[in-house]
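Participant: Just to be clear, the model below is a prediction. Sequence and coordinates:
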Amino acid sequence: MKKFVLVLVLLSAGLTLVTPTIASAYNFGDYRSVTLTTKAWKALEAGNLDEVLAYTNKCIELYAKKAKEMQDSLTDYPKGTNDEIFSYWALNDVATCLFIQGEAYRKADMADKAKEAYQKVNEYSFGQCWDTGGWFWKPAEAAKEKIAMIESGSDLDFGDYKSATLTTKAWEALGKKDLDTVLAYTNKCIELYEGKAKEMQSSLTEYPWENKDKIFSYWALNDVGTCLFIRGEAYKEAGKMEEAQKAYKKLIDDFYYSQCWDPQGWFWKPAEAAQQKLEELGAS
């Protein structure tokens, strides 16, 4: 009798019953959308498609209705404080889970399934995803790019869309003398983080110097500045001197206090390096 009453209580609360077999296979935690989404990200990083689908499907099953209500109440992306954007929790997490599904299918070479998941993100187009680096990004826009990449046969992968990831990929493309790929990664980094980089630049009157963590805290400024230097180098190596000069000058004019970490253990200054490159090219 007690078990029967418990079942009724759970059903009336809108919770889905999980069989012991499923529950033992996957730990859904507290069933909150943020918990399920976090577990889905971790499963994606581990390359476990089955776990990704278990967590994302559970989130969508429980919260798609609420997410749709939130979506229908909007005419544009929510703006304002972080808390105001977080208040659309169901919309944000369902959109993110569908994007994660698309990524998992894409990495498993299941292109049709990936496109289907990416396309479904558009039903929750005003959802936003919080990056622990301190900003929101838009799963629906990222999903459109992924679809375009699949349809074009491109093997470009923006990864987690973090500025550090895009900058690293740009360096790798520069090493291969692949101008088009350099531009794809640097353009994406600048598109996403130029605004934040300009805020950081305008807050400074000299290069940050106190310690390594302090310098790294200007992540957007550092990576956007570095990407412009990489862009300039790629154009120069391709013989496109006018475009190279424009990239170097934009770095100097707009992101002068950016710094780049060398894996050997020090920071160097892209704007000063760019100024030297301009002098070598006979430009001022």
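Facilitator: Now that the structure is in, tell me what you want to look at.
Participant: Now for residue 71: which residues touch it?
Facilitator: By Cβ atoms under 8 Å, 6 or more residues apart in numbering, the contact set of residue 71 is 91, 123, 124, 125, 126, 127. For every residue, glycine as well, the C-beta is placed using N, CA and C.
Participant: repeat for residue 105
Facilitator: Per Cβ under 8 Å, 6+ apart, neighbours of residue 105: 49, 111, 113, 114, 116, 117.
Participant: Let me have those residues in CSV, extended by secondary structure.
Facilitator: Formatted as CSV, these follow (DSSP: H, G, I helix; E, B strand; the rest coil):
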residue, secondary structure
49, helix
111, helix
113, helix
114, helix
116, helix
117, helix
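Participant: Please check those residues and keep the buried ones.
Facilitator: Buried by 16 or more other Cβ atoms under 10 Å: 49, 113, 114, 117, out of those.
Participant: Which of those residues sits closest to residue 67?
Facilitator: Among the buried ones among the contacts of residue 105, residue 117 lies closest to residue 67 (Cβ to Cβ), at 14.9 Å.
Participant: can you put the contacts of residue 71 in TSV and add secondary structure and neighbour count?
Facilitator: Output for those, formatted as TSV (DSSP: H, G, I helix; E, B strand; the rest coil; neighbours: other Cβ atoms under 10 Å):
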residue	secondary structure	neighbour count
91	helix	28
123	helix	15
124	helix	26
125	coil	18
126	coil	21
127	coil	29
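Participant: so where's this structure uncertain?
Facilitator: Residues of the chain meeting the criterion pLDDT under 70: 1-25, 133, 283-284.
Participant: can you list the domain ranges for it.
Facilitator: Domain assignment for the chain by automatic domain parsing gives 15-152, 163-280.
Participant: Check the offset of the last one from the chain's centre.
Facilitator: When you say that, I think you mean domain 163-280. Mean-position distance between domain 163-280 and its chain equals 19 Å (Cα atoms, centre = their mean, to the nearest Å).
Participant: can I assume residue 158 sits in a strand?
Facilitator: No: using three-state DSSP, the assignment for residue 158 is coil, not a strand.
Participant: show me the contacts for the closest residue to it other than its chain neighbours.
Facilitator: Sequence neighbours aside, residue 188 is the residue nearest to residue 158 in space, at 5.8 Å (criterion: Cβ to Cβ, 6 or more residues apart in numbering). Contacts for residue 188 (Cβ under 8 Å, 6+ apart) come out as 158, 161, 166.
Participant: Now do the phi/psi pair for the closest residue in space to residue 107 that isn't next to it in sequence.
Facilitator: Spatial nearest neighbour of residue 107, excluding adjacent residues (Cβ to Cβ, 6+ apart): residue 47 at 6.8 Å. Here is the backbone geometry of residue 47 (degrees, to the nearest 10): phi 70, psi 30.
Participant: on that earlier part again, need the contacts of residue 188 in JSON lines with distance to residue 135, can you?
Facilitator: Shown next, in JSON lines, are the contacts of residue 188 (distance: Cβ to Cβ, whole Å):
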{"residue": "158", "distance to residue 135": "15"}
{"residue": "161", "distance to residue 135": "10"}
{"residue": "166", "distance to residue 135": "13"}
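Participant: out of these, who's nearest residue 241?
Facilitator: Nearest to residue 241 among these: residue 166, at 24.9 Å, using Cβ to Cβ.
Participant: After the helix or strand containing residue 182, which helix or strand is next?
Facilitator: In this assignment (DSSP states H and E), residue 182 forms part of helix 179-202. Later in the chain than helix 179-202, the nearest helix or strand by DSSP H and E is helix 212-216.
Participant: How much space separates the residue positioned nearest the centre of the chain from residue 84?
Facilitator: By Cα atoms, centre = their mean, the chain has its centre lying nearest to residue 161, at 3.1 Å. Per Cβ to Cβ, to the nearest Å, residue 161 is found 22 Å from residue 84.
Participant: Tell me if residue 136 really is in a strand.
Facilitator: Yes: judged by three-state DSSP, residue 136 forms part of a strand.
Participant: Spit out the contact partners of it.
Facilitator: Taking Cβ under 8 Å, 6+ apart, we find residue 136 in contact with 82, 85, 128, 129, 130.
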